[in-house]
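Provided below are the primary sequence and the corresponding predicted coordinates.
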Amino acid sequence: MRAKRYGRCAGWLVLGFLLFLTAPAPTSWSPPLTPTATDTSVPAIGRTWPVGVRPAVLRGWEPPATVYGRGHRGVDLAAPAGAPVRTVAAGRVSFAGRVAGKGVVSVELTGTDLRTTYEPVTASVVEKGAEVEAGEVVGTVAPTGSHCTTSCVHWGLRRGETYLDPLSLLPPWLLHRGPSRLLPVLGVPLPT
């Protein structure tokens, strides 16, 4: 009896597998999200970092290979809890609230089809629809809700449904600026 039952199950499995192999290929289906961007047309319109002067990048942008694949759709910037979070460029706040238990602020950048996001942020300063200038404070770093091992801000950039590298918003002078260096002054006598 048992052998008969196992034989029947095996038969159904083989039949199902054969149907799977001979099924027609699906019609062209476009996923609801575009996984990554190879677009280099992001204008370098940033005028400031979202937090601090030159924060440490704890984790960089890692575009996923597929729409729902693994990756990191933004950059994590080191920032202490309570630190001010600024918008990198002028725009309009399109969202200021909670998503999945985290505070999020989204800003649609003026004159572009780009949108930046900052999380976890307590948006106590702005609300949806507010016009903001580059460098304007949009909230503070929330003490909880970060996916980093230390306190950080996740900064994202999107064009429509396509994720882009937010660091591409920063011009080279801001992105690669190193510390100030004192140079020797020649021809000036030393004080006595």
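Here it is on my side, so go on. Numbering: from 1, shown residues only.

hmm, residue 131 and residue 138 touching each other?
No. Using C-beta atoms under 8 Å, residue 138 is not in contact with residue 131; the gap is 11.5 Å. In short, each C-beta sits where N, CA and C put it, glycine included.

more neighbours, those two?
Neighbour count, other C-beta atoms under 10 Å: between residue 138 and residue 131, residue 138 has more, with 25 against 12.

then the host helix or strand of the more buried one to PDB, C-alphas only?
According to DSSP states H and E, residue 138 maps onto strand 137-141. Output of strand 137-141 as PDB, limited to C-alpha atoms (Å, rounded to 0.1, in the frame of the first residue of the first chain):
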ATOM      1  CA  VAL A 137      17.800  71.700   8.500                       C
ATOM      2  CA  VAL A 138      15.000  69.200   7.900                       C
ATOM      3  CA  GLY A 139      15.200  67.300  11.200                       C
ATOM      4  CA  THR A 140      17.600  65.600  13.600                       C
ATOM      5  CA  VAL A 141      19.200  62.200  13.600                       C
END
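
whatever helix or strand comes next after that strand to strand 137-141, inter-axis angle?
Sequence order places strand 152-159 as the next helix or strand after strand 137-141, per DSSP H and E. With axes from the mean of the first three to the mean of the last three C-alpha atoms, to 10 degrees applied, the angle from strand 152-159 to strand 137-141 works out at 140 degrees.
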